[in-house]
Each structure stands twice: as structure tokens, then as C-alpha cells.
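*Asks:* Need coordinates for the below:
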Amino acid sequence: MTPARPGRRRFLKIAGVTVVVAGGGWGANFLSVYSGHQMSNVGSLKFRNRLRVPELLDPEPSEDGRKQYTLKLAQGTSELLPGKKTETWGANGSYLAPTIRARRGDKVSMAVHNGLPDATSIHWHGMHLPAAMDGGPHQMIERDGTWKPKWTVHQPACTLWYHPHPHGSTADHVYRGIAGMIILDDEHSKGAPLPSDYGVDDVPLVIQDKNFHGDGSLDFGESSFRDTIAGMDPLGILGDTIIVNGTYDPYFRVTTKRVRLRLLNGSNARVYRLGFPDDRTFHLVAAENGLLRRPRPMTRLQIGPGERAEIVVEFKPGEEAVLRSFSPALGIGFPTDRFHGGDDTFDIVALRAAKTLRPSPALPTRFAGAPAPIKVPDNAKVRKFHFVGTQINDKSMDMNRVDEVVPAGATEIWEIDRGDGTLHSFHVHGATFNVLDAGGEEPPEEARGPKDTVYLPEAGKVRLAVKFDTLTDDKVPYMYHCHVLRHEDDGMMGQFLVVPPDQVDSAPRTIEDSHGGGHH
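*Replies:* From the prediction side, this is the model:
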């Protein structure tokens, strides 16, 4: 018998790395797919469209002193690309949602009417509030139904956001367009020397990536057959077109010396590394859950899915500066880095300064009222979470299972171990955390928080000091999950109860859920 001839091998040098690929067909497909997954719009935009600024939603008067806000979810048609119509979803409009502004101490109530064709939910991402008001998958709003949560704001000034959170279809609902900012003020923020005129020198930027068909309709395809053959891990949608506040090819007219940009990564999976081509210094003044103790000078800022940041940028009269996303430092390695957007560059928005600029207050050296670092007690409980594929601790999400029970008001250490070579981002509901260390190294001060969402590097563990609220409920849980929305939908989520300390052992480990069942 003639022995079989060994398969031919090809040696490819890609990005400085020599790899061996078997079989000419597979190798050619891999090379084609790999080459086609480097995206950029740099040099292709003209910055022709004035940036839309989401309207501020005015509260309605109430006899009991509450601020009442009404959100009407509906499908509609938007012109996201010039001259083309796109079917979209929005709140109080055809795309995105209005900005909600409230102050610490306010009693707020919401009326969220679902005029969409599907049941959905609205999660107040980063808000500290009762679990039954959180808007996770246990608080579904049926078609033509209205949900009326209420709570008292008791957080420091910060930038939060809200978006759908139905189990199994969050990615789809967010991608269609429902997302809005929440700005919280407190007794310190009003007098802080920071730009604060909404839409003028205090500007929200909801950054999203989309794919479109030729007719302007949204492309929901996540990967092709060729991508699968090439070994791409499922991440969800990585778009080749950037939309900011629902605006394609946007510019913003700067009229003041300094501008505060409230940055929200509202994408399903993409990581952005923001800065300016001229490497100008800007100052980070706030993370997700509050002001930093002092402004931090930077030239690059990376934000993963669901993360927010506030930066202050200084301008000279008549100049134009382009906010760009440079190739993010994903830390995953070849070839997954490219497949997950690690080689992509995108211009985000042009900032055009008027010939005459109004003066702005100088940035202070420290911010009054900034949250203090979270102090971890010596006997703090340590909880460990292993992220692999779309499971946490070898389990997929089960709507009826309680994964953790936390004593109210506790400060704990949560260790998140990313055990695979794909992109993950971690978010915990109803709590604030500081990043203690990542891969055994203490992060720079500006990366510690206060936060509620964090991108997970590949190497080693991320340890978080998590401070839980004192609000309790032994029947309704909060969520923790990967904020790569495809992963969340596929089951990379768990849930926890917050109960009085003396009820931790007796609290139930199952949930009676009216919307039924485990992962679907």
C-alpha cells in the first residue's frame, strides 16, 4: 500500500508573525478573511452633518413631588445614511432615546410604554435602585404594556445610560436603536468648574457601529460561512460604519474654550481607543459612577462595551480636531485581535472651533465630592468568576437559579478570570466597584473607577472591590454578565440577591419568575 502523501503546508507571515496553515484551500480562505477584517474610515469622511444632540427629557409635574418621565418605545424610520431610509427603534422618537437628567435626592418615576412588536425591558445601567426597578430580564414589558418603576436617586454625580435588557435578545434590541444617557447631578456638581451647558459645552456622544445593506437597512449578520471556516470566535456584530448620536459623518461646532464630552460606548461588542491624531492632551474627569478625585491628563482612552467616561478638551479659535478611535489594545493575540477589531481605526466626530471662543473655567486640581476609593475590610469575602466561551463558572444563565447571595451594604472582592482567547467585558448591576489590580498589576489611578463595567484583559485575573447598596429583596435578583451583548444573550450571565446580613444563609436559591424558564 502506498502511504498517503502528507498534506502540503504553506507558511504565511502576517503582522510580523509566521504561521503555518495546512491545505491551500483553507490557507487561502484564512488569509482572505484575515485581510478583510481590518476596517477603517479614516480619510473617507467629510464631516458634513451637524451632530444631533439628544433632547433633554423634561419631567412632568406630580402631586407627590416626584419627577415623572414618560418614555414611549416605538419602531420607526430614520435617515442614518444620507438619502436612505432605515427601519429603527427608539424612545420618544424613531432612533435612540432622550437624555434623562436628575439630581441626588430626587424621587423619580418612569412610565415606559412598549409600542414595539416584541416584549422588551429597559435597564437603568449603573443606577443604584431596588432590584424590582432595575429593568433586567425579570421586568419585561409586554407589547402595548406600560411599566412604572420608581426610586429615589442616591448616587453622586455621574453619567449613566439606559437600554433594553430582555434575556436572549438584548443585542438585537440595542442594535435597532434604543439607548439613552442619564445624567445625575448632586450638591457638588452644580458649582464644579466644569463645562455644564448641555448641548453647548457639555456634549453627550453615544458611539455605535453599524453594518448596512445597500438599500440602507440594518445588516444583522454576525459572521459568514468563510469566517466560521477560518476559525473566528462568535462575537456578534462589528460594524464598519460609525454613528454618533444617530448621526453619520458628524461634526460639532465648538463655541467655548473647553468642552466636556460625555462618552458612551453604546456598541454591541466593539472596543474604542479614543484620542486625537495630533496627540493633544485631554483630561479625564469622570468614570462611569462618578468624578475622579482629580483631572487626569491623557492622550488615549480605551472604553469597552457599556463603559462611559467624561473628558474635557481644550480648543484654539478656528481649529478643527477629529476625535479618532485608534487600534485598541485588546491583549488577545494573533489572529483573534484582528477578528475582534484590534486593528481597526475610525474617525468619530470632527470638532470645529469658532473663530471666537467664549472663555471657560480652568480645571481644578481636585474635585469636591468625588467618591472616595472603596475601602476593603480585612475579612472581605472573595467571590471567583471564571469566564470561558459564553459561560461563567461553567454555567449558562438560568432565570430561575440564584447564583450568589450578598449581604446588604457589604464590600467584597470579586475576581474575574478570563479563561479564553476572546473579548469580554464585565458589568454588575446595582453596585459600584474599583479595579484593584489586573493581571497582578495595580492599574493607573484613572483606570480604577468608580466603575460598574470593565473590559477584561486576557492575561490573569481582574480583582474588583465591589461596594453593594443597602437595598434588599429576597425575591428579585440583580444581574452580572458579559457586556458583549451576543455573549450575554448566549448565556454569559448570572444573578444575585441582596438581603439583610442575617438572612444570607436562609435566602432562597431559586427564583419564581413569571416570564418563565432557564436560558433560551
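*Asks:* Please make it C-alpha for all contacts and neighbour counts, starting now.
*Replies:* Will do.
*Asks:* quick one: low-confidence ranges for the stretch 351-500 of the chain?
*Replies:* Low-confidence segments of the stretch 351-500 of the chain (pLDDT under 70): 459.
*Asks:* Which parts of it are strands?
*Replies:* In the stretch 351-500 of the chain, the strands defined using DSSP state E, counting those that start in this stretch lie at 382-388, 391-392, 404-407, 411-418, 424-428, 431-438, 453-456, 461-468, 473-482, 493-499.
*Asks:* The stretch 201-350 of the chain too?
*Replies:* Remark: strands assigned in the stretch 201-350 of the chain by DSSP E, counting those that start in this stretch are 202-210, 241-244, 247-248, 250-256, 258-265, 272-275, 282-287, 290-298, 300-303, 308-314, 320-326, 346-358.
*Asks:* Tabulate those (JSON lines), appending mean neighbour count.
*Replies:* Putting these into JSON lines (neighbours: other CA atoms under 10 Å) gives the following:
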{"stretch": "strand 202-210", "mean neighbour count": "22"}
{"stretch": "strand 241-244", "mean neighbour count": "22"}
{"stretch": "strand 247-248", "mean neighbour count": "22"}
{"stretch": "strand 250-256", "mean neighbour count": "21"}
{"stretch": "strand 258-265", "mean neighbour count": "24"}
{"stretch": "strand 272-275", "mean neighbour count": "24"}
{"stretch": "strand 282-287", "mean neighbour count": "24"}
{"stretch": "strand 290-298", "mean neighbour count": "21"}
{"stretch": "strand 300-303", "mean neighbour count": "20"}
{"stretch": "strand 308-314", "mean neighbour count": "21"}
{"stretch": "strand 320-326", "mean neighbour count": "19"}
{"stretch": "strand 346-358", "mean neighbour count": "20"}
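*Asks:* Next, format those as JSON lines and append distance to Thr86.
*Replies:* What follows is the strands of the stretch 201-350 of the chain, written out as JSON lines (distance: least, CA to CA, whole Å):
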{"stretch": "strand 202-210", "distance to Thr86": "12"}
{"stretch": "strand 241-244", "distance to Thr86": "13"}
{"stretch": "strand 247-248", "distance to Thr86": "13"}
{"stretch": "strand 250-256", "distance to Thr86": "18"}
{"stretch": "strand 258-265", "distance to Thr86": "21"}
{"stretch": "strand 272-275", "distance to Thr86": "25"}
{"stretch": "strand 282-287", "distance to Thr86": "33"}
{"stretch": "strand 290-298", "distance to Thr86": "36"}
{"stretch": "strand 300-303", "distance to Thr86": "27"}
{"stretch": "strand 308-314", "distance to Thr86": "27"}
{"stretch": "strand 320-326", "distance to Thr86": "25"}
{"stretch": "strand 346-358", "distance to Thr86": "21"}
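*Asks:* Figure out which of these is closest to Asn434.
*Replies:* Set against Asn434 and scored by CA to CA, the strands of the stretch 201-350 of the chain come closest in strand 282-287, at 10.5 Å.
*Asks:* State the mean pLDDT of the closest one.
*Replies:* Taken as a whole, strand 282-287 has an average pLDDT of 98.
*Asks:* do the same with stretch 81-97
*Replies:* 97.
*Asks:* tell me how far the ends of it are from each other?
*Replies:* Chord length of stretch 81-97, first to last residue, is 19 Å (CA to CA, to the nearest Å).
*Asks:* in it, what's buried?
*Replies:* Of all the residues in stretch 81-97, those buried under the rule 16 or more other CA atoms under 10 Å are 81, 85-97.
*Asks:* Among those residues, which ones are in strands?
*Replies:* Within those, residues falling in strands by DSSP state E are Thr86, Glu87, Thr88, Trp89, Gly90, Ala91.
*Asks:* would a markdown table of the buried residues of stretch 81-97 with distance to Val53 be doable?
*Replies:* Output for the buried residues of stretch 81-97, formatted as a markdown table (distance: CA to CA, whole Å):
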| residue | distance to Val53 |
| --- | --- |
| Leu81 | 17 |
| Lys85 | 20 |
| Thr86 | 19 |
| Glu87 | 20 |
| Thr88 | 18 |
| Trp89 | 17 |
| Gly90 | 15 |
| Ala91 | 14 |
| Asn92 | 14 |
| Gly93 | 13 |
| Ser94 | 14 |
| Tyr95 | 12 |
| Leu96 | 11 |
| Ala97 | 11 |
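*Asks:* Can you tell me the SS state at the residue nearest to Gly126 when sequence neighbours are not counted?
*Replies:* What sits nearest to Gly126 in space, not counting adjacent residues and going by CA to CA, 6 or more residues apart in numbering, is Leu160, at 5.6 Å. Secondary structure for Leu160, judged by DSSP: H, G, I helix; E, B strand; the rest coil, is strand.
*Asks:* Looks like Leu160 contacts Ile182 (just checking).
*Replies:* Yes - contact criterion CA atoms under 8 Å: Leu160 and Ile182 qualify, at 4.8 Å.
*Asks:* Pick out whichever of the two has more residues nearby.
*Replies:* Set Leu160 next to Ile182 and count neighbours by other CA atoms under 10 Å: Leu160 wins out with 28 against 21.
*Asks:* how far away is that one from Asp474?
*Replies:* Leu160 sits 26 Å away from Asp474, going by CA to CA.
*Asks:* and if you look at Gly145?
*Replies:* For Gly145, the distance to Asp474 - CA to CA - is 26 Å.
*Asks:* The two - which one has more neighbours?
*Replies:* Each of Gly145 and Asp474 has its neighbours counted (other CA under 10 Å); Asp474 has more, 19 against 14.
*Asks:* Wasn't Gly65 part of a helix?
*Replies:* No - judged by three-state DSSP, Gly65 forms no part of a helix; its state is coil.
*Asks:* excluding its backbone neighbours, what's nearest it?
*Replies:* Leaving aside its sequence neighbours, Gly65 sits nearest to Lys107 (CA to CA, 6+ apart; 7.3 Å).
*Asks:* neighbours of the one you found, just the number please.
*Replies:* When neighbours are defined as other CA under 10 Å, Lys107 has 17 of them.
*Asks:* before we move on, the earlier item: where's the residue nearest to Gly126 relative to Pro250, distance?
*Replies:* Counting by CA to CA, the gap from Leu160 to Pro250 is 23 Å.
*Asks:* Ok, Pro82 next?
*Replies:* For Pro82 relative to Pro250 (CA to CA), the value is 12 Å.
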